[in-house]
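>>> fold the following.
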Amino acid sequence: MPRADDQFHVYVAEHLDRWRRTAYLLCGDWHLADDLVSEAVIRLHRHWSRASQANNVDAYTQKILTRCWLSEQRRRWRRVEHTQADPPATSYLQPDGIVERQPLAQLLESLGPRQRAVVILRFYLDHSVEETAELLGIAPATVRSQSTRALEHLRTADAQR
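Residues are numbered from 1 along each chain as shown. Below is the predicted model:
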């Protein structure tokens with residue numbers, strides 16, 4: 001019988017890339033996405049005995065990741081560093097696949113934190129209204145109204161481009 005730590009390591013290895021992509025969609029910054037995933041993995045490890053017994057471990061983990069990001073949004077102003085000069089210019093060219101996704105990332109960044117979380121959970125991760133409500137700790141009616149407002153905002157912002 002595998003040890004709990006072994007099960008944890010296998011589970012994390014299988015899901016790490018998806019969590020990183022999801023965190024990037026939430027925050028729009030790969031470095032912050034890595035920090036969020038790290039924090040989520042630490043919290044998951046701390047509660048692995050309970051999480052591994054959950055009916056849906058993926059939903060449990062998604063809830064942790066989403067709450068890490070929402071917590072970061074509330075305290076982010078304390079961590080922002082102000083520089084005196086711009087970083088040096090680089091000659092790196094992004095691959096075409098990344099360039100095509102950039103407008104979507106910019107549109108998502110125009111949403112508020114809660115709306116962005118709702119849109120990503122509902123339409124990127126394909127959670128139901130009820131699952132999204134449970135993950136965010138809000139009412140299903142709030143999920144529906146946030147979805148409607150967010151999609152309306154995204155359509156308007158996209159049309160103005």
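>>> pLDDT value on the residue most central in space within the chain, please?
Closest to where the C-alpha atoms of the chain average out (CA atoms, centre = their mean) is Ala23, at 3.1 Å. Ala23 is assigned 92 on the pLDDT scale.
>>> before we move on, which element is it in?
helix 4-27 (DSSP states H and E).
>>> after that helix, which helix or strand is next?
Counting by DSSP H and E, the next helix or strand C-terminal to helix 4-27 is helix 30-46.
>>> what comes up buried for stretch 23-33?
Along stretch 23-33, these residues count as buried under the neighbour rule (16 or more other CB atoms under 10 Å): Ala23, Tyr24, Leu25, Leu26, Cys27, Leu32, Ala33. Bear in mind the C-beta positions are built from the backbone N, C-alpha and C, glycine included.
>>> and for stretch 122-134?
Arg122, Leu125, His127, Val129, Glu131, Thr132, Ala133, Glu134.
>>> out of the residues you listed, which are inside helices?
Members of the buried residues of stretch 122-134 lying in helices (criterion: DSSP state H): Val129, Glu131, Thr132, Ala133, Glu134.
>>> now those as JSON lines including pLDDT and distance to Val12?
Formatted as JSON lines, these follow (pLDDT from 0 to 100; distance: CB to CB, whole Å):
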{"residue": "Val129", "pLDDT": "93", "distance to Val12": "28"}
{"residue": "Glu131", "pLDDT": "91", "distance to Val12": "22"}
{"residue": "Thr132", "pLDDT": "92", "distance to Val12": "23"}
{"residue": "Ala133", "pLDDT": "92", "distance to Val12": "26"}
{"residue": "Glu134", "pLDDT": "90", "distance to Val12": "22"}
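>>> and those residues, which is closest to Arg114?
Each of those was checked against Arg114 using CB to CB; the closest is Thr132, at 10.9 Å.
>>> with His45 as the reference, measure out to that closest one.
Thr132 sits 25 Å away from His45, going by CB to CB, to the nearest Å.
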